[in-house]
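In: have a look at this prediction, sequence included:
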Amino acid sequence: MKAQIEQTVASVVTQYPSAIPLFEGLKIDYCCGGNKSLKEACAKAGVSPEKVIGSLESILAVTPQDENWNDKSLSELVNFLLEKHHVYTREQLALLDKLSEKVARVHGQNHPELLKVRELFQVMAEDLLQHLMKEERVAFPYLLALEASALGKRKEEPFFSFETFQSQPQRVLMADHEEVGEQLRELRRLTGDFNPPTDACVTFQAFYRAFVELEEDLYRHIHLENNVLFPMAEKLATVKG
Ligand SMILES: [Fe+2]
Ligand SMILES: [Fe+2]
């Protein structure tokens with residue numbers, strides 16, 4: 001995170017859309033008044049710029065991406081997925097919901113693609129929220145029980161066999177992952193790879209940037225589940241025999 005005090009509010013928001021809720025909470029105008037520097041905007045809003053920079057830093061603290069999961073346990077990975085990716089996905093969907101509603105309402109007439117983007121976003125968000133719930137209510141509790149019984153920390157068998165897990169919940173989740181990939185590709189097609197038009201205001205630019213951020217995070221999230229978590233579970237099930 002490298003937001004500078006002399007940087008304009010608009011440029012912070014277009015670079016880091018996740019800063020929007022902070023600015024809104026502080027009544028810092030980032031859209032029409034976004035050409036002010038962070039310093040000026042804070043003075044106008046009566047808040048300390050150092051504090052704002054501090055809050056920005058904690059919001060934008062980057063998650064270590066190259067964590068080595070080979071020497072970590074399944075429960076550590078599940079906790080990481082829940083605390084980092086599931087929390088982030090919900091927050092970013094809430095932000096995108098507000099932004100997509102606003103830009104469709106304000107700019108939909110000149111940019112009719114925004115109405116389609118809003119529609120597709122709503123379908124994707126609904127699917128994703130249900131997907132997170134399937135993982136949190138079925139797949140993750142099952143995998144944690146599988147790990148506990150493989151480590152001898154749990155006497156009773158997991159709720160169902162690992163074969164059943166692979167042929168049902170895991171298959172459904174992997175199909176959901178494919179589906180979200182399709183939806184993101186369709187969104188890229190509709191938005192010219194999330195490139196805002198030249199007349200796009202700050203909110204419009206931030207909206208597309210927020211999509212790119214969600215997309216990046218989702219790809220990492222999906223990779224961890226498909227290529228690390230599920231194979232890790234398979235190993236535990238095999239050890240257990
Ligand atoms: Fe997940
Ligand atoms: Fe998932």
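Out: Looks like it came in fine. Computed from a predicted model, the values in this text were never measured in an experiment. Ligands and ions are numbered 1, 2, ... in the order given.

In: what about the most centrally placed residue in the chain, which helix or strand?
Out: Closest to where the C-alpha atoms of the chain average out (Cα atoms, centre = their mean) is residue 89, at 3.2 Å. Per DSSP states H and E: residue 89 is located in helix 87-107.

In: which strands or helices does the next helix or strand after that helix pack on?
Out: Once the chain leaves helix 87-107, the next helix or strand it forms, by DSSP H and E, is helix 113-134. For helix 113-134, the helices and strands in contact under the criterion 3 or more Cβ pairs under 8 Å, 6 or more residues apart in numbering; DSSP states H and E are helix 87-107, helix 171-190. Glycine gets a C-beta too; all of them are placed from N, C-alpha and C.

In: deepest of those, which one?
Out: helix 87-107 (a mean of 17; mean count of other Cβ atoms under 10 Å).

In: that one vs helix 113-134, what angle?
Out: 160 degrees (axes from the mean of the first three to the mean of the last three Cα atoms, to 10 degrees).

In: list the contacts of helix 87-107.
Out: 17-18, 20-21, 111, 114-115, 117-118, 121-122, 125, 128-129, 132, 200-201, 203-204, 206-207, 210-211, 213-214, 217-218, 221 (Cβ atoms under 8 Å, 6 or more residues apart in numbering).

In: can you flag the buried ones in the residues you listed?
Out: 17-18, 20, 111, 114-115, 117-118, 121, 125, 128, 132, 200-201, 203-204, 206-207, 210-211, 213-214, 217-218, 221 (16 or more other Cβ atoms under 10 Å).

In: export the least confident helix or strand in the chain by mean pLDDT as CSV, just CAs?
Out: Here the helix or strand of the chain ranked lowest by mean pLDDT, DSSP states H and E is helix 9-15, holding a mean of 81. Extracted in CSV, the C-alpha atoms of helix 9-15 (Å, rounded to 0.1, in the frame of the first residue of the first chain):
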residue,chain,number,x,y,z
VAL,A,9,-8.5,11.2,-3.6
ALA,A,10,-9.7,10.1,-7.0
SER,A,11,-6.5,8.4,-7.9
VAL,A,12,-6.5,6.5,-4.5
VAL,A,13,-10.0,5.3,-5.3
THR,A,14,-9.4,4.3,-8.9
GLN,A,15,-6.2,2.4,-7.7
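
In: got the buried residues for that helix?
Out: 9, 10, 11, 12, 13, 14, 15.
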